[in-house]
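In: Test case, fold it:
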Amino acid sequence: MNKVRILGFFLSLYVLAGISGAENEPSGGTSVPEALRRPQRGEAPRYPQDTIIGSLGRGEAAQAAYTLAKDLLRALLTNTQDAPVLQDMDADLIEEYGTALDTIKPQRFRIGGGREEADGSTSFVFRFVGRDQWITGELYLRAEEARWKVEELILEEAQDLREGAEPYPFDYSPYERLF
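Out: This next block holds a predicted model:
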């Protein structure tokens, strides 16, 4: 029994020595290593409040679908009613989306990586961010006759940014124990 404790003690010292090595020391006097704070090469930027929409960027989607999604969200952000990307959509729906977005006065949007759905459509989760509120939604696109078309756009209710500012809204306990 004592041999197991001694072995465990030396193993823990070995592990701790590896963690506190010079190559793993955090820069800037913080306790979180730089490797966890900054995206690695080729990795999409990540924002804590966007864990729901996932990695930013194109993802698995076709480039044409991603371009259409960005153009559509940009047209909604700027409230450009006569944008070519909005021509195939129902005018009443566009007005409804505009009204919902006017409540938060969005300044920018973020779009998560596209995902191929089982029915053949491609979906994107996105977020419009205003000064005090944000709205999350999902966009479904379908390829028809060598062209991508908007199948459905769903907007959730506006949320206050302060609600997402809780210090620990998710359980990151493995990291908390390490640091």
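
In: gap between the two ends of stretch 86-95?
Out: 11 Å (CA to CA, to the nearest Å).

In: can you list the residues that contact that stretch?
Out: L72, A75, L76, T80, Q81, K149, V150, L153 (CB atoms under 8 Å, 6 or more residues apart in numbering). C-beta coordinates here come from the backbone N, C-alpha and C atoms, glycine included.

In: Can you tell me the SS state at the spatially closest residue to E152 that is not a sequence neighbour?
Out: Of all residues not flanking E152 in the chain, Y140 sits nearest, at 4.4 Å (CB to CB, 6 or more residues apart in numbering). Here Y140 is recorded as strand under DSSP: H, G, I helix; E, B strand; the rest coil.

In: change the start of the numbering to 30 and stick with it
Out: In the new numbering, first residue 30, that becomes Y169.

In: Can I have the buried ones of the contacts of stretch 115-124 as a PyMOL selection?
Out: The command below creates a PyMOL selection of those among the contacts of stretch 115-124 that count as buried (16 or more other CB atoms under 10 Å):
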select buried, resi 101+104+105+179+182
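
In: sorry, back to before: could you verify my assumption that the residue nearest to E181 touches D148?
Out: No: using CB atoms under 8 Å, Y169 makes no contact with D148, being 9.1 Å away.

In: Of these two, which one has the most company?
Out: Higher neighbour count among Y169 and D148: Y169, with 17 against 8, using other CB atoms under 10 Å.
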